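Visitor: Predicted coordinates and the sequence they were generated for:
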Amino acid sequence: MSSFSAVSFDYTAIFYLFSLTFILFFNIILVGDFMLQKIIGKTKRAIEDFNMIDEGDKIAVGLSGGKDSITLLYALYYLQKFYKKHFTIMAITIHTGSNNFDTTELKRICDELGIEYL
């Protein structure tokens, strides 16, 4: 049984992974399964290069609603289906305090993927 726990992070690895998803989304027009496979492949490589996931980990994705965090959520969701190490995903959004901050679409995406959303 896995649980979410605080761990020390290699911020270079985290920066690399988030930068990768950001760059991929803005520089590539997502057309069909080929581009999705390319993004998943690059995400998998970053995870393995920096040893970011261990068996049974619970990965918390900071979901802001921007293209980079949504791309990362989808990449991890699809990677989870065939990755050699089993892990679970949850999404977290921190309310900014703005009255116009609506998380309805973020909740819908997580529900559609079966991902826990806080």
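Guide: Yep, it's here. As the structure is a computational prediction, the values presented were derived from the model and not from experiment.
Visitor: Mind listing what's buried along the host helix or strand of K42?
Guide: When elements are assigned from DSSP states H and E, K42 belongs to helix 32-49. Going by neighbour count (16 or more other C-beta atoms under 10 Å), the buried part of helix 32-49 is I39, I40, K42, T43, K44, A46, I47. To be clear about C-beta, it is placed using only N, CA and C from the backbone, and glycine gets the same treatment.
Visitor: Closest one of those residues to A75?
Guide: Ranked by distance to A75 (C-beta to C-beta), the buried residues of helix 32-49 are led by T43 at 4.2 Å.
Visitor: My guess is that closest one contacts Q80. True?
Guide: No - look at T43 against Q80 with C-beta atoms under 8 Å: they stay out of range, at 10.8 Å.
Visitor: mind listing the strands in this structure by residue range?
Guide: 58-62, 88-92, 116-117 (DSSP state E).
Visitor: Tell me which other helices or strands the last one touches.
Guide: Spelled out, that is strand 116-117. strand 88-92, helix 104-113 (3 or more C-beta pairs under 8 Å, 6 or more residues apart in numbering; DSSP states H and E).
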